[in-house]
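Undergrad: Model the following, please.
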Amino acid sequence: MPYLAIVPGSSIIYPWVFLLATVVEQNVFGLLITSLTIFYGGRYLERAWSSKGFTKFILFVAMIPNLLSFFIYALSFVVSKSDAALSVLNLYH
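TA: The predicted model follows:
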């Protein structure tokens, strides 16, 4: 699903994936654990940092790894000159 996950060849077309790819899970169990962690941990951190600080933290934690992985895939394309570095099939094999 290139409109929800980072696919190096098409993420530029769907810029929201850099934020949403963090919440995409492969199964319901992972989604449940992530949701509970954000909910209960987030309540504590929001009290400690305020809503604005917690929002900045979530955006930072979500965006930086996604942007780095995109640039690493793009760099592997530049180095290898292989279209497979940018395709969806390469991500799942």
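Undergrad: The protein: helices as residue ranges?
TA: With DSSP state H applied, the chain shows helices at 17-20, 28-80, 88-91, listed in chain order.
Undergrad: average pLDDT across the second one?
TA: Throughout helix 28-80, pLDDT has a mean value of 89.
Undergrad: Over to the last one?
TA: Summarised as a single mean, pLDDT over helix 88-91 is 48.
Undergrad: circling back: so which of the helices of the chain is the most packed in?
TA: With neighbours defined by mean count of other CB atoms under 10 Å, none of these is more surrounded on average than helix 17-20, at a mean of 17. Bear in mind the C-beta positions are built from the backbone N, C-alpha and C, glycine included.
Undergrad: contacts for that one?
TA: Applying CB atoms under 8 Å, 6 or more residues apart in numbering, the external contacts of helix 17-20 come out as 2-7, 11, 59, 62-63, 66-67, 70.
Undergrad: Please save the CA atoms from it in PDB.
TA: Output in PDB follows, covering the C-alpha atoms of helix 17-20 (Å, rounded to 0.1, in the frame of the first residue of the first chain):
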ATOM      1  CA  VAL A  17       3.200   8.600   4.500                       C
ATOM      2  CA  PHE A  18       6.200  10.100   6.300                       C
ATOM      3  CA  LEU A  19       3.800  10.600   9.300                       C
ATOM      4  CA  LEU A  20       1.400   7.800   8.800                       C
END
